[in-house]
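> sharing a model that was predicted from the sequence below.
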Amino acid sequence: MQRSNLKNIFIAFAYLILALFLLSRSANQLALTDNHAPPEVLQSVLQGNNSQTLDHFTPPRVQPRLAPKTATFQVTYNPAVCGSVTPWPAEAQVAFEYALSIWETLIQSQVPIRVDACWQPLPGTALGSARATNLYDDFAATPRPNTWYVNALADALSGQDISPQETDIFANFNSSLTNWYFGTDGQVGASEFDFVTVVLHEVGHGLGLIGSMEQVTVPPSVFTQGFWGGGSGRPFAYDLLAEDVFGRQLTDQSAYQNPSTFLSFQLTGGNIFLDSPQIRGANNNQAAEIFAPNSWVQGASFVHIDEAIYSGTPNGLMTPSLNIGEAVHDPGPIAMAILESIGWSQTANSGPIQFDEFVYLPLVIK
């Protein structure tokens, strides 16, 4: 009986080794083939949070109408690629263009940045979603070889429109919500979602606040694998800023093989950070903590900074959810430092915030 048990254990162990071998082989074929084709850019999603605690307003560091424009955005509302849509409200378009005018004073590009904006129902509590439409590597003036850059940044760095027939950012906004606030003054009601904030957030993703890290399951295994590069074998510029608590880059394959269960574990449970001299300069000489909950959340994990740490602060724009009653009309020092780290040239207006933060308490009439 004892020998039979040992035999069964040995057989089970052998099957486990074989499964891990097949998993490693198939996953490596998926991840490490340098096919020089840009991977798909996944949508990043901003969720709405109805548990309002405090009306909070972070104003823009300069009024857009008073600051020189150093970039230009061009918007197409409800292009054919959107599919079935609802007509854009005029006040939503005004708020949208106000949000873009803030970005136009903070980054520099000689090439117009084109945005396709869809007004349509989104699932669940999603307020908006966005992605860059394409990626480029090894172009003229590329900061790092073998690295993917979103098309708006690639255009800005090269000083020319690499793909003139292509839009740069594709974004969706939830037409089903009945409690949008479309004003541009930040005076959002205690039960409303500030539309300017959502547009600023989604455009930030399209400008490069986006990475390729994700969790995948490669059959026949049921174990998740941490994975980056989307099958190209090349990281996004944002990916190169990510590190663990010991300062090891998540793209360092001597520490984290791509793909691997070890990387998968690292992507959840906290303790991953974005780090660069610019980020430390904007964050009290500390790396910025990435949103990495215990369970992977597609569209939220890795591509936002941590909700618990930064929500309700001047860095709150690029957290994964927005509270009712919250307005953030500035990207914040950390987001601007991330953009500078991946290659964006910034203006004098994108330096440290020079204002006192305003907090508005709900008005209760008795």
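Arrived safely.

> what ranges do the helices span in the stretch 101-250 of the chain?
For the stretch 101-250 of the chain, applying DSSP state H, counting those that start in this stretch gives helices covering 151-158, 195-206.

> winner for burial among these?
Highest mean neighbour count of those: helix 195-206, a mean of 26 (counted as mean count of other CB atoms under 10 Å). For the C-beta atoms, the positions are set from N, CA and C on the backbone; glycine is no exception.

> the helices of the stretch 101-250 of the chain: which one's closest to residue 91?
helix 195-206 (8.6 Å; CB to CB).

> any weak-confidence spans in the stretch 201-350 of the chain?
Along the stretch 201-350 of the chain, segments meeting pLDDT under 70 span 348, 350.

> what do you get if the cut-off is 80, keeping everything else the same?
Low-confidence segments of the stretch 201-350 of the chain, defined by pLDDT under 80: 218-222, 347-350.

> select, out of the helices of the stretch 101-250 of the chain, the one closest to residue 320.
Residue 320 lies closest to helix 195-206 among the helices of the stretch 101-250 of the chain, at 9.5 Å (CB to CB).

> which secondary structure elements does that closest one sit against?
Counting contacts by 3 or more CB pairs under 8 Å, 6 or more residues apart in numbering; DSSP states H and E, helix 195-206 packs against strand 44-49, helix 90-104, strand 126-132, strand 169-174, strand 321-323, strand 326-328.

> give me whichever of those is most buried.
It is strand 326-328: most buried of the helices and strands packed on helix 195-206 by mean count of other CB under 10 Å, with a mean of 28.

> residues in contact with that one?
Strand 326-328 is touched from outside by 52, 55-58, 181, 186-188, 194, 196-197, 200-201, 312, 314, 316-317, 322, with contacts defined as CB atoms under 8 Å, 6 or more residues apart in numbering.

> that older thread, looking at the helices and strands packed on helix 195-206, which is closest to residue 151?
Residue 151 lies closest, by CB to CB, to one member of the helices and strands packed on helix 195-206: strand 126-132, at 5.9 Å.

> quick one, the closest one and strand 44-49 angle?
Counting by axes from the mean of the first three to the mean of the last three CA atoms, to 10 degrees, strand 126-132 lies at 170 degrees to strand 44-49.

> where does the stretch 1-150 of the chain dip in pLDDT?
Where the stretch 1-150 of the chain drops to pLDDT under 80, the residues are 1-38, 40-43, 51-56, 65.

> can you map out the strands along it?
Using DSSP state E, counting those that start in this stretch, the strands of the stretch 1-150 of the chain run over 44-49, 55-58, 73-77, 113-120, 126-132, 135-136, 149-150.

> adjacent strands (with direction) for the first one?
Yep, that's strand 44-49 we're talking about. Strand 44-49 has the following strand partners under DSSP bridges: strand 126-132 (antiparallel), strand 321-323 (parallel).
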